[in-house]
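Undergrad: Everything below, folded, please.
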Amino acid sequence: MVILHYVVGSGSSATTYTGAAARIDPPLFLGLGISAKPLFEFFSTPYRTGDAFVDAHLRITAFEPARVVECLALGTIEGRELVSQIAANADCLQVSDSIVLYATSGYEHDLAKTKWQLDVVLFVAQRLAWLRRRLTPTPAELALFADWQSFADSVGFAFDQERVTAFGRHHGGHLKIALETEGQQVRTAVNVRFPHPVHVAFSARRTRLPGFLQGLFGQDIKVGAPLFDDLFLITGHPENVVRQMLAQPDLVYALQNLGLSTTEVQLNQDQLFFRVQEALASSDLLRVCETARITCEALFGRLRQLGPYR
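TA: Below you'll find the predicted structure:
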(Lines give C-alpha, C1' and ligand atoms only; values in the text may rest on other atoms or scores of the structure.)
Protein backbone atom coordinates (compact mmCIF):
# COMPACT_ATOMS: atom_id res chain seq x y z
CA MET A 1 0.00 0.00 0.00
CA VAL A 2 1.09 3.57 -0.54
CA ILE A 3 -0.08 7.16 -0.10
CA LEU A 4 1.08 9.51 -2.84
CA HIS A 5 0.57 13.03 -4.15
CA TYR A 6 0.48 13.50 -7.91
CA VAL A 7 -0.42 16.15 -10.46
CA VAL A 8 -2.66 15.75 -13.50
CA GLY A 9 -2.34 18.33 -16.28
CA SER A 10 0.06 21.25 -16.38
CA GLY A 11 0.17 25.00 -15.91
CA SER A 12 -3.09 26.65 -14.91
CA SER A 13 -5.03 23.45 -15.57
CA ALA A 14 -2.91 21.29 -13.23
CA THR A 15 -4.76 19.51 -10.42
CA THR A 16 -3.09 17.92 -7.41
CA TYR A 17 -4.47 14.66 -6.02
CA THR A 18 -3.87 12.56 -2.94
CA GLY A 19 -4.06 8.88 -3.72
CA ALA A 20 -4.25 5.79 -1.54
CA ALA A 21 -3.28 2.73 -3.60
CA ALA A 22 -3.09 -1.01 -3.04
CA ARG A 23 -1.76 -3.61 -5.46
CA ILE A 24 -3.91 -6.58 -6.40
CA ASP A 25 -1.59 -9.55 -6.10
CA PRO A 26 -1.71 -11.67 -8.12
CA PRO A 27 -3.18 -9.52 -10.91
CA LEU A 28 -6.64 -10.46 -12.16
CA PHE A 29 -5.86 -10.66 -15.91
CA LEU A 30 -9.50 -9.88 -16.71
CA GLY A 31 -9.04 -6.51 -18.42
CA LEU A 32 -11.02 -5.14 -15.49
CA GLY A 33 -12.14 -1.58 -15.04
CA ILE A 34 -14.64 -0.57 -12.34
CA SER A 35 -15.66 3.03 -11.76
CA ALA A 36 -18.70 5.11 -10.90
CA LYS A 37 -21.52 4.85 -13.40
CA PRO A 38 -21.61 8.12 -15.42
CA LEU A 39 -24.85 10.01 -15.88
CA PHE A 40 -24.67 9.52 -19.64
CA GLU A 41 -22.94 6.97 -21.89
CA PHE A 42 -22.22 8.84 -25.11
CA PHE A 43 -19.68 6.62 -26.85
CA SER A 44 -20.37 3.09 -25.63
CA THR A 45 -23.13 0.83 -24.45
CA PRO A 46 -22.54 -0.09 -20.81
CA TYR A 47 -22.37 -3.74 -19.91
CA ARG A 48 -25.26 -4.84 -17.71
CA THR A 49 -24.67 -7.57 -15.18
CA GLY A 50 -28.34 -8.23 -14.52
CA ASP A 51 -27.84 -7.17 -10.90
CA ALA A 52 -29.97 -4.07 -10.26
CA PHE A 53 -27.67 -2.60 -7.60
CA VAL A 54 -24.46 -3.04 -9.59
CA ASP A 55 -25.98 -1.78 -12.86
CA ALA A 56 -27.32 1.33 -11.11
CA HIS A 57 -24.05 2.32 -9.45
CA LEU A 58 -21.05 0.91 -11.33
CA ARG A 59 -19.55 0.91 -14.81
CA ILE A 60 -17.71 -2.34 -15.55
CA THR A 61 -15.41 -3.05 -18.49
CA ALA A 62 -13.46 -6.24 -19.16
CA PHE A 63 -12.23 -8.61 -21.85
CA GLU A 64 -15.21 -10.84 -21.10
CA PRO A 65 -17.69 -9.02 -18.82
CA ALA A 66 -19.52 -12.26 -18.00
CA ARG A 67 -16.23 -13.60 -16.62
CA VAL A 68 -15.96 -10.57 -14.30
CA VAL A 69 -19.50 -11.14 -13.05
CA GLU A 70 -18.51 -14.73 -12.30
CA CYS A 71 -15.46 -13.43 -10.42
CA LEU A 72 -17.50 -10.92 -8.40
CA ALA A 73 -19.69 -13.77 -7.12
CA LEU A 74 -22.69 -11.49 -6.66
CA GLY A 75 -24.71 -14.31 -5.17
CA THR A 76 -22.36 -14.66 -2.18
CA ILE A 77 -21.87 -12.61 0.98
CA GLU A 78 -18.24 -11.95 0.00
CA GLY A 79 -19.25 -10.63 -3.41
CA ARG A 80 -22.03 -8.42 -2.00
CA GLU A 81 -19.65 -6.93 0.57
CA LEU A 82 -17.16 -6.15 -2.19
CA VAL A 83 -19.55 -4.41 -4.62
CA SER A 84 -21.17 -2.51 -1.74
CA GLN A 85 -17.80 -1.15 -0.66
CA ILE A 86 -16.85 -0.21 -4.22
CA ALA A 87 -20.22 1.47 -4.87
CA ALA A 88 -20.07 3.42 -1.60
CA ASN A 89 -16.75 4.95 -2.70
CA ALA A 90 -17.20 4.86 -6.47
CA ASP A 91 -16.81 8.62 -6.98
CA CYS A 92 -13.20 8.39 -5.77
CA LEU A 93 -12.34 4.78 -6.48
CA GLN A 94 -10.71 3.30 -9.58
CA VAL A 95 -10.24 -0.46 -9.90
CA SER A 96 -8.13 -2.22 -12.52
CA ASP A 97 -6.53 -5.66 -12.87
CA SER A 98 -3.58 -4.75 -10.67
CA ILE A 99 -4.33 -1.55 -8.71
CA VAL A 100 -7.07 -0.13 -6.51
CA LEU A 101 -6.77 3.65 -6.23
CA TYR A 102 -8.73 6.03 -3.99
CA ALA A 103 -8.02 9.57 -5.25
CA THR A 104 -9.19 12.92 -3.89
CA SER A 105 -8.23 16.38 -5.13
CA GLY A 106 -5.80 18.49 -3.14
CA TYR A 107 -3.39 17.55 -0.35
CA GLU A 108 -4.96 15.38 2.31
CA HIS A 109 -3.30 15.93 5.71
CA ASP A 110 -5.89 14.22 7.90
CA LEU A 111 -4.23 10.97 8.98
CA ALA A 112 -7.54 9.45 10.03
CA LYS A 113 -8.92 9.97 6.51
CA THR A 114 -5.85 8.57 4.79
CA LYS A 115 -5.88 5.53 7.09
CA TRP A 116 -9.54 4.94 6.26
CA GLN A 117 -8.81 5.28 2.53
CA LEU A 118 -5.97 2.76 2.84
CA ASP A 119 -8.33 0.39 4.63
CA VAL A 120 -10.80 0.69 1.74
CA VAL A 121 -8.29 0.00 -1.05
CA LEU A 122 -6.69 -2.84 0.90
CA PHE A 123 -10.07 -4.51 1.47
CA VAL A 124 -11.05 -4.23 -2.20
CA ALA A 125 -7.64 -5.45 -3.45
CA GLN A 126 -7.52 -8.45 -1.10
CA ARG A 127 -11.14 -9.44 -1.70
CA LEU A 128 -10.73 -9.28 -5.50
CA ALA A 129 -7.57 -11.40 -5.37
CA TRP A 130 -9.36 -13.95 -3.16
CA LEU A 131 -12.41 -14.14 -5.42
CA ARG A 132 -10.21 -14.42 -8.54
CA ARG A 133 -8.49 -17.49 -7.11
CA ARG A 134 -11.87 -19.22 -6.90
CA LEU A 135 -12.40 -19.02 -10.66
CA THR A 136 -11.76 -22.09 -12.77
CA PRO A 137 -9.18 -21.29 -15.49
CA THR A 138 -10.58 -21.01 -19.01
CA PRO A 139 -9.25 -23.20 -21.84
CA ALA A 140 -7.39 -20.16 -23.22
CA GLU A 141 -5.75 -19.53 -19.83
CA LEU A 142 -4.76 -23.18 -19.47
CA ALA A 143 -3.23 -23.13 -22.95
CA LEU A 144 -1.24 -19.99 -22.09
CA PHE A 145 -0.02 -21.48 -18.80
CA ALA A 146 1.09 -24.67 -20.56
CA ASP A 147 2.90 -22.72 -23.29
CA TRP A 148 4.79 -20.52 -20.82
CA GLN A 149 5.58 -23.50 -18.61
CA SER A 150 7.00 -25.32 -21.65
CA PHE A 151 9.17 -22.30 -22.43
CA ALA A 152 10.34 -22.00 -18.82
CA ASP A 153 11.26 -25.70 -18.70
CA SER A 154 13.20 -25.43 -21.96
CA VAL A 155 15.48 -22.67 -20.66
CA GLY A 156 15.62 -23.67 -16.99
CA PHE A 157 13.44 -20.82 -15.69
CA ALA A 158 10.92 -20.83 -12.86
CA PHE A 159 7.30 -20.10 -13.79
CA ASP A 160 4.84 -18.36 -11.46
CA GLN A 161 1.49 -19.35 -12.96
CA GLU A 162 -0.65 -17.02 -10.82
CA ARG A 163 1.36 -13.98 -11.92
CA VAL A 164 2.14 -15.35 -15.40
CA THR A 165 5.82 -14.58 -14.84
CA ALA A 166 8.87 -16.55 -15.95
CA PHE A 167 12.26 -15.74 -14.47
CA GLY A 168 15.78 -17.06 -14.20
CA ARG A 169 19.43 -16.58 -15.17
CA HIS A 170 20.39 -16.59 -18.82
CA HIS A 171 23.94 -16.05 -20.13
CA GLY A 172 24.83 -14.10 -17.00
CA GLY A 173 21.76 -11.88 -17.00
CA HIS A 174 18.70 -12.11 -14.76
CA LEU A 175 15.53 -12.26 -16.87
CA LYS A 176 12.00 -11.57 -15.76
CA ILE A 177 9.24 -11.93 -18.36
CA ALA A 178 5.74 -11.04 -17.19
CA LEU A 179 2.29 -10.70 -18.66
CA GLU A 180 0.62 -7.36 -17.96
CA THR A 181 -2.74 -5.77 -18.69
CA GLU A 182 -3.64 -2.10 -18.89
CA GLY A 183 -7.30 -1.51 -19.58
CA GLN A 184 -8.12 -3.59 -22.63
CA GLN A 185 -4.46 -3.97 -23.66
CA VAL A 186 -2.39 -7.11 -23.05
CA ARG A 187 1.40 -6.72 -22.93
CA THR A 188 4.49 -8.76 -22.26
CA ALA A 189 7.06 -6.91 -20.16
CA VAL A 190 10.70 -8.03 -20.28
CA ASN A 191 13.41 -6.99 -17.83
CA VAL A 192 17.02 -8.08 -18.30
CA ARG A 193 19.14 -7.20 -15.28
CA PHE A 194 22.85 -7.35 -16.05
CA PRO A 195 25.14 -9.40 -13.77
CA HIS A 196 26.68 -6.13 -12.64
CA PRO A 197 26.45 -2.52 -13.87
CA VAL A 198 28.29 -1.63 -17.03
CA HIS A 199 31.15 0.71 -16.06
CA VAL A 200 30.02 3.34 -18.54
CA ALA A 201 27.11 5.64 -17.79
CA PHE A 202 24.73 5.63 -20.75
CA SER A 203 21.08 5.42 -21.76
CA ALA A 204 19.46 4.34 -25.02
CA ARG A 205 15.69 4.67 -25.25
CA ARG A 206 13.17 4.24 -28.02
CA THR A 207 11.91 7.61 -29.16
CA ARG A 208 9.17 8.75 -31.49
CA LEU A 209 11.02 11.89 -32.46
CA PRO A 210 12.48 11.92 -35.99
CA GLY A 211 16.23 11.42 -35.93
CA PHE A 212 17.02 14.95 -37.12
CA LEU A 213 15.14 16.43 -34.12
CA GLN A 214 16.54 14.22 -31.39
CA GLY A 215 19.63 16.29 -30.71
CA LEU A 216 17.95 19.69 -30.67
CA PHE A 217 17.13 19.62 -26.96
CA GLY A 218 20.06 17.67 -25.57
CA GLN A 219 22.72 15.09 -26.23
CA ASP A 220 22.12 12.41 -28.85
CA ILE A 221 25.04 10.11 -29.67
CA LYS A 222 24.97 8.60 -33.17
CA VAL A 223 26.51 5.18 -33.74
CA GLY A 224 26.46 5.38 -37.53
CA ALA A 225 23.59 2.97 -38.26
CA PRO A 226 20.82 5.15 -39.80
CA LEU A 227 17.79 3.11 -38.70
CA PHE A 228 19.16 2.55 -35.19
CA ASP A 229 20.06 6.23 -34.84
CA ASP A 230 16.56 7.19 -35.94
CA LEU A 231 14.87 4.81 -33.47
CA PHE A 232 16.95 5.54 -30.37
CA LEU A 233 17.98 8.59 -28.37
CA ILE A 234 21.39 7.86 -26.82
CA THR A 235 23.12 9.78 -24.05
CA GLY A 236 26.21 8.95 -22.00
CA HIS A 237 29.82 9.69 -21.15
CA PRO A 238 32.44 9.41 -22.47
CA GLU A 239 30.80 9.66 -25.87
CA ASN A 240 33.45 7.79 -27.81
CA VAL A 241 33.27 4.77 -25.48
CA VAL A 242 29.44 4.72 -25.58
CA ARG A 243 29.54 4.92 -29.39
CA GLN A 244 32.06 2.08 -29.72
CA MET A 245 30.21 -0.05 -27.19
CA LEU A 246 26.84 0.21 -28.94
CA ALA A 247 28.05 0.19 -32.56
CA GLN A 248 28.23 -3.62 -32.80
CA PRO A 249 26.32 -5.26 -35.65
CA ASP A 250 24.63 -7.97 -33.56
CA LEU A 251 23.56 -5.50 -30.87
CA VAL A 252 22.41 -2.88 -33.36
CA TYR A 253 20.36 -5.49 -35.26
CA ALA A 254 18.75 -6.87 -32.08
CA LEU A 255 17.82 -3.43 -30.76
CA GLN A 256 16.53 -2.32 -34.14
CA ASN A 257 14.15 -5.29 -34.16
CA LEU A 258 12.96 -4.34 -30.69
CA GLY A 259 12.54 -0.74 -31.74
CA LEU A 260 10.43 -1.73 -34.73
CA SER A 261 8.19 -4.11 -32.76
CA THR A 262 7.50 -1.89 -29.74
CA THR A 263 7.57 1.80 -28.88
CA GLU A 264 8.99 1.21 -25.38
CA VAL A 265 12.61 0.13 -25.07
CA GLN A 266 15.10 1.32 -22.46
CA LEU A 267 18.72 0.23 -22.21
CA ASN A 268 21.18 1.57 -19.65
CA GLN A 269 24.19 0.44 -17.63
CA ASP A 270 22.00 -1.69 -15.35
CA GLN A 271 19.36 -3.31 -17.52
CA LEU A 272 17.40 -3.71 -20.72
CA PHE A 273 13.64 -3.25 -20.44
CA PHE A 274 10.91 -3.38 -23.08
CA ARG A 275 7.21 -4.12 -23.54
CA VAL A 276 5.50 -5.88 -26.43
CA GLN A 277 1.83 -5.26 -27.18
CA GLU A 278 0.63 -8.85 -26.92
CA ALA A 279 0.94 -12.05 -24.94
CA LEU A 280 4.02 -13.70 -26.41
CA ALA A 281 4.02 -17.39 -27.35
CA SER A 282 6.86 -19.71 -26.37
CA SER A 283 8.61 -19.31 -29.74
CA ASP A 284 8.64 -15.52 -29.26
CA LEU A 285 9.84 -15.91 -25.67
CA LEU A 286 12.83 -17.88 -26.95
CA ARG A 287 13.65 -14.95 -29.25
CA VAL A 288 13.46 -12.67 -26.21
CA CYS A 289 16.09 -14.82 -24.53
CA GLU A 290 18.28 -14.59 -27.62
CA THR A 291 18.00 -10.79 -27.55
CA ALA A 292 19.04 -10.86 -23.88
CA ARG A 293 22.03 -13.05 -24.70
CA ILE A 294 23.18 -10.81 -27.53
CA THR A 295 22.84 -7.71 -25.36
CA CYS A 296 24.76 -9.12 -22.39
CA GLU A 297 27.55 -10.60 -24.48
CA ALA A 298 27.89 -7.51 -26.66
CA LEU A 299 28.06 -5.06 -23.77
CA PHE A 300 30.36 -6.99 -21.49
CA GLY A 301 32.50 -8.53 -24.23
CA ARG A 302 32.97 -5.16 -25.92
CA LEU A 303 33.88 -3.45 -22.67
CA ARG A 304 36.62 -5.99 -22.02
CA GLN A 305 38.11 -5.14 -25.40
CA LEU A 306 37.91 -1.39 -24.71
CA GLY A 307 39.53 -1.74 -21.32
CA PRO A 308 38.30 -0.51 -17.92
CA TYR A 309 36.89 2.96 -17.49
CA ARG A 310 36.27 4.55 -14.11
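
Undergrad: Tell me where the stretch 51-200 of the chain has strands.
TA: Listed in chain order, the strands of the stretch 51-200 of the chain (DSSP state E, counting those that start in this stretch) span 58-61, 93-96, 99-105, 158-160, 165-170, 173-182, 185-193.

Undergrad: Counting by contacts, list what the longest one packs against.
TA: Other elements packing on strand 173-182 under the criterion 3 or more CB pairs under 8 Å, 6 or more residues apart in numbering; DSSP states H and E are strand 165-170, strand 185-193, helix 282-306. The C-beta positions use only the backbone N, C-alpha and C, and glycine is treated the same way.

Undergrad: orientation of that strand relative to strand 185-193 in degrees?
TA: The directions of strand 173-182 and strand 185-193 differ by 160 degrees, with axes from the mean of the first three to the mean of the last three CA atoms, to 10 degrees as the criterion.

Undergrad: one step back: residue 119 is nearest to which of the helices and strands packed on strand 173-182?
TA: The stretch from these with the least distance to residue 119 (CB to CB) is strand 165-170; that distance is 28.6 Å.

Undergrad: Of the helices and strands packed on strand 173-182, which is nearest residue 15?
TA: It's strand 185-193; of the helices and strands packed on strand 173-182, that one is closest to residue 15 (CB to CB) at 25.4 Å.

Undergrad: avg pLDDT for the closest one?
TA: Along strand 185-193, the predicted confidence averages to a pLDDT of 95.

Undergrad: Over to stretch 5-24?
TA: Here the mean pLDDT over stretch 5-24 is 87, rounded to a whole number.

Undergrad: tell me which residues of that stretch are tucked away?
TA: For stretch 5-24, the buried set under the neighbour-count rule, 16 or more other CB atoms under 10 Å, comprises 17-22, 24.

Undergrad: contacting residues around that stretch?
TA: Outside stretch 5-24, the residues that touch it by CB atoms under 8 Å, 6 or more residues apart in numbering are 1-4, 96-108, 114, 117-118, 120-122, 124-126, 128-129.

Undergrad: Any quick ChimeraX command for the buried ones out of these?
TA: In ChimeraX, the members of the contacts of stretch 5-24 classed as buried (16+ other CB under 10 Å) are selected with the following command:
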select :96,97,98,100,101,102,103,108,114,117,118,120,121,122,124,125,128,129
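
Undergrad: Now, the contacts of stretch 5-24 that are in helices?
TA: Secondary structure from DSSP state H places 114, 117-118, 120-122, 124-126, 128-129 of the contacts of stretch 5-24 in helices.

Undergrad: one step back: can you put the buried residues of stretch 5-24 in TSV and add distance to residue 89 and secondary structure?
TA: Supplementary listing: the buried residues of stretch 5-24 in TSV, determined by distance: CB to CB, whole Å; DSSP: H, G, I helix; E, B strand; the rest coil:
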residue	distance to residue 89	secondary structure
17	15	strand
18	14	strand
19	13	strand
20	11	strand
21	13	strand
22	13	strand
24	16	coil
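
Undergrad: Flag the shaky bits of the stretch 151-300 of the chain, pLDDT-wise.
TA: Segments of the stretch 151-300 of the chain classed as low confidence (criterion: pLDDT under 70) are 208-219.

Undergrad: mind running it again at 90?
TA: 170-173, 183-184, 195-201, 206-220, 223, 230, 237-238, 244-245, 258-264, 296-300 (pLDDT under 90).

Undergrad: now the ones in helices among the contacts of stretch 5-24 in TSV, with pLDDT and distance to residue 90?
TA: TSV is the format used below for those (pLDDT from 0 to 100; distance: CB to CB, whole Å):
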residue	pLDDT	distance to residue 90
114	90	19
117	94	14
118	95	18
120	97	11
121	97	13
122	97	17
124	98	11
125	98	16
126	98	19
128	98	15
129	97	20
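
Undergrad: Now render those residues as CSV, adding distance to residue 162.
TA: Converted to CSV, those look like this (distance: CB to CB, whole Å):
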residue, distance to residue 162
114, 30
117, 27
118, 24
120, 24
121, 21
122, 19
124, 19
125, 15
126, 15
128, 13
129, 9
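
Undergrad: quick revisit: now the strands of the stretch 51-200 of the chain in JSON lines, with distance to residue 67?
TA: Putting the strands of the stretch 51-200 of the chain into JSON lines (distance: least, CB to CB, whole Å) gives the following:
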{"stretch": "strand 58-61", "distance to residue 67": "11"}
{"stretch": "strand 93-96", "distance to residue 67": "15"}
{"stretch": "strand 99-105", "distance to residue 67": "19"}
{"stretch": "strand 158-160", "distance to residue 67": "21"}
{"stretch": "strand 165-170", "distance to residue 67": "21"}
{"stretch": "strand 173-182", "distance to residue 67": "13"}
{"stretch": "strand 185-193", "distance to residue 67": "14"}
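
Undergrad: thinking again about what came up before, which one of the helices and strands packed on strand 173-182 lies closest to residue 53?
TA: Closest of the helices and strands packed on strand 173-182 to residue 53 is strand 185-193, at 29.6 Å (criterion: CB to CB).
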